[in-house]
Structure formats: structure tokens, C-alpha cells
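Asks: Need coordinates for the below:
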Amino acid sequence: MLPSIPRPRALMALAVLLAAGTGFGLLRPEPPVAEFHFSGRTMGTMYNVKYRPIQGTPSLKAMQIEVDALLAEVNHTMSTYDPESELSRFNRLRTTDWVPASASLLAVLKAALEIGAQSEGAFDITVGPLVNLWGFGPEVHPDRIPLESDIAAARTRSGLDKITLSETQRAMRKHRPDVFLDLSGIAKGYGVDRVAELMTAHGIEHYMVEIGGEIRVRGLKERDTPWRIAIEKPLSGERSVHTMLALSDVALATSGNYRNFFEIAGRRYSHTIDPTTGWPVENHLVSVTVLAETSMRADAWATAFQVLGPERGMAIAERVNLPVLFVIERDGQFEERACCAFQRYRKQELS
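Replies: Predicted coordinates for the structure are as follows:
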């Protein structure tokens with residue numbers, strides 16, 4: 001079991017496999033192609049893979065072995081919970097010199113910095129010191145409110161200007177020796193994309209890959225119907241479906257603050273840290289679902305919108321043309337705001 005970057009989205013988006021209706025004809029219809037499924041643990045959570053095999057596809061066991069090896073590689077590159085991961089070793093270095101970086105790490109860092117700039121700094125992979133300070137990182141400590149002086153000190157170590165990449169040198173460098181990068185808002189999505197690429201490399205045209213709620217689908221499920229993905233109601237005390245989406249050839253991520261938090265004196269402190277204040281976010285946005293071409297982008301943007309809140313988030317979502325569903329809670333009542341083309345993906349509401 002590989003510990004890594006756990007976050008509270010693990011059960012927010014659930015893949016729901018529902019049978020389609022049966023047609024009638026003069027001839028007996030061909031039986032639907034069987035749908036294979038396997039699952040396992042990675043990055044502190046569960047993964048699930050469903051696919052329609054083709055002739056020549058490796059056995060189910062062989063496919064799982066390949067996926068497990070691939071996810072172990074991603075984890076050993078980007079985990080802050082693995083002290084020997086590439087990222088952990090970089091975080092420990094007390095230097096501002098250029099450091100060689102793997103192609104996979106550079107690709108994720110590049111995407112993270114681009115989304116960080118597009119989101120006006122809301123998505124910030126240098127926020128690790130603040131995440132750790134509030135007790136939501138690998139440095140576990142009792143629930144407590146940090147001192148303002150400690151928050152201010154941690155903020156001096158964060159910011160998108162604290163890290164530079166060189167694709168020509170295949171290297172990265174800090175601008176302060178004590179910079180600490182945290183890829184928990186993007187690494188699971190990247191893992192989903194890598195597994196999806198593996199499926200495609202095997203010629204598989206119909207699949208669903210999910211890691212801790214980050215999802216990517218291609219083609220159709222059995223009986224040639226779209227993949228039906230359920231989005232949970234943002235309630236900490238129960239598990240139920242808020243809405244259903246019918247998806248093909250797209251990625252999805254959902255982020256929320258209703259599971260991973262602590263309370264002190266009746267006030268809730270969520271796991272999502274606002275880089276501009278150093279404090280957990282305080283807005284009425286309880287859940288946000290993002291659709292994008294890759295799970296990595298959906299993953300990062302879901303975190304960014306959680307920080308931005310519904311008003312700023314909606315404006316930026318419109319600007320970058322991302323289908324987004326914001327769920328806002330006011331006085332115990334939920335309100336939805338959908339951006340761009342989100343509504344066309346919705347299948348139906350379930351009670």
C-alpha cells in the first residue's frame with residue numbers, strides 16, 4: 001500500500017454503472033461486450049478501472065500489474081508522504097541551484113504553474129508550508145490554530161515566483177532554499193491520465209479510470225451508453241447523490257470542504273488553504289465539479305475554484321471556458337451555479 005497525498009475528495013464523485021434499456025427486434029441481439037473491472041490502493045486512497053477489452057488485450061491480472069507499477073512510479077515521483085520520492089528529496093534540498101527533474105515531474109510542475117497563473121494564484125503548489133502548519137499535510141499534529149507569526153513566516157516561503165523550470169535543461173530550481181512543493185491538488189489527476197494513456201496504448205477505446213474521485217472516461221460503457229457519473233451531495237453526515245452526469249471522452253474532478261476539516265469553538269477550519277491569506281478558505285462554496293480534457297487539469301482547477309469562491313470562480317471559469325458546477329450553501333440550503341457548457345453533461349437529478 002502506497003501512502004501519498006490524501007485529500008477529502010476520495011468519495012465525492014462516484015462512478016455509477018447503470019444498465020441501459022433493452023431493444024427489440026426480429027433477430028436476437030448480440031450480447032453486450034463484457035466490462036472488466038479491477039481496483040486497488042494508491043496515493044492514500046482507492047483506484048478503479050473499468051474497460052471493454054478487445055482482442056489481444058492483456059489478461060485482467062496482467063492489466064492490473066501494469067497499472068499498479070505505473071501508479072507506484074507516479075507516487076514515488078510526486079508524493080510528500082514518501083520521504084524518498086523525487087519531490088520529497090527536492091523539498092529537503094537547501095539550495096537554489098538547478099536540480100535535474102524527471103519528465104513526468106516537469107510536466108506536472110509546468111501545468112501547475114500555468115494553472116496557478118490563470119487562476120490568479122489560487123492554485124499554488126508552494127503552499128505546502130501552510131498546509132503542514134494547519135495540520136493537513138504529512139506533518140501530523142493536534143488540531144490547533146497556528147500563531148499569526150507562524151502563518152506570516154510560512155507565507156514568505158510560498159508564491160508562484162519561488163520556483164522556476166527549465167525544459168531545455170530538464171531541471172528545476174527554488175528561489176529560496178526552504179521552498180516546499182505540494183502536488184496534492186494535481187498528482188492524482190495526473191495518475192488518472194497516465195492510466196488512461198496506458199489503456200489507449202493497449203488499443204482500448206472504452207474505459208473509465210478513477211483515483212480518489214478524479215475521473216477520466218473514454219468511449220461508452222457496455223450496451224453503448226455514456227458513462228454515468230454521480231456527484232455526491234456536499235453533506236458531511238451522509239452519502240447520497242446530488243446529480244448525475246452522462247459523460248464520454250472527458251475528465252472530471254470534484255472538490256469540497258465538507259469532509260476534511262476540524263472545529264474549534266464552533267468554527268470550522270477546512271483543508272483548503274487560501275495562499276493569499278494563509279488561512280483556510282471561508283466562502284459559501286461547499287462543492288465544485290470541473291470538466292476538462294485531462295484529469296490533471298480538472299483536478300487542479302477544482303482546487304483553484306474552491307479557493308476562489310463562487311463569484312471570482314465563475315468569472316474565471318467563463319474566461320477560460322471550463323464547464324463548472326458550483327454548489328453554494330446558505331443557511332442550510334444548497335444553490336447551484338453552472339458555467340459554460342456544464343448543463344449538457346447532466347443526465348438527470350436523482351432524489
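
Asks: what's near enough to touch Val281?
Replies: Asn257, Ser270, Thr272, Ile273, Asp274, Gln306, Val307, Gly309 (CB atoms under 8 Å, 6 or more residues apart in numbering). Backbone N, C-alpha and C define where each C-beta goes, glycine included.

Asks: where's it relative to Thr200, distance?
Replies: According to CB to CB, to the nearest Å, Val281 stands 36 Å off from Thr200.

Asks: picking that back up, pick out whichever of the contacts of Val281 sits closest to Leu105.
Replies: Using CB to CB, Ile273 comes nearest to Leu105 of the contacts of Val281, at 22.4 Å.

Asks: Is there a neighbour count for that closest one? I'd like the number.
Replies: Using other CB atoms under 10 Å, Ile273 is surrounded by 28 other residues.

Asks: And for Lys61?
Replies: Using other CB under 10 Å: Lys61 sits among 9 other residues.

Asks: That one in helix, strand or coil?
Replies: helix (DSSP: H, G, I helix; E, B strand; the rest coil).

Asks: OK, contacts around it?
Replies: Listed by CB under 8 Å, 6+ apart, Lys61 has no contact partners.

Asks: Now with 10 Å, please.
Replies: By CB atoms under 10 Å, 6 or more residues apart in numbering, the residues touching Lys61 are Phe38.

Asks: can you pull the contacts of the nearest residue to Ile215 once chain neighbours are set aside?
Replies: If the residues on either side of it in the chain are set aside, Ile215 comes closest to Leu252, at 4.7 Å by CB to CB, 6 or more residues apart in numbering. Listed by CB under 10 Å, 6+ apart, the contact set of Leu252 reads 13, 15, 189, 192, 210, 213-217, 227, 229, 231, 245, 289-292, 295, 298-299, 302, 323, 325, 345.

Asks: at 6 Å instead, please
Replies: Listed by CB atoms under 6 Å, 6 or more residues apart in numbering, the contact set of Leu252 reads Ile215, Leu291, Ala298.

Asks: related to what we said a few turns ago, and the furthest pair within the contacts of Val281?
Replies: Maximum pairwise distance in these, criterion CB to CB, is 13.7 Å, between Ile273 and Gly309.

Asks: list residues touching both of the two?
Replies: Going by CB under 6 Å, 6+ apart, no residue sits against Ile273 while also sitting against Gly309.

Asks: List the buried residues for stretch 110-125?
Replies: Buried residues in stretch 110-125, defined by neighbour count with 16 or more other CB atoms under 10 Å: Ala111, Ala112, Leu113, Ile115, Gly116, Gln118, Ser119, Gly121, Ala122, Phe123, Asp124, Ile125.

Asks: now stretch 131-151, how far from the centre of its chain.
Replies: 22 Å (CA atoms, centre = their mean, to the nearest Å).

Asks: can you pull the buried residues of that stretch?
Replies: For stretch 131-151, by 16+ other CB under 10 Å, it's Val131, Asn132, Leu133, Trp134, Gly135, Phe136, Gly137, Pro138, Pro146, Ile151.
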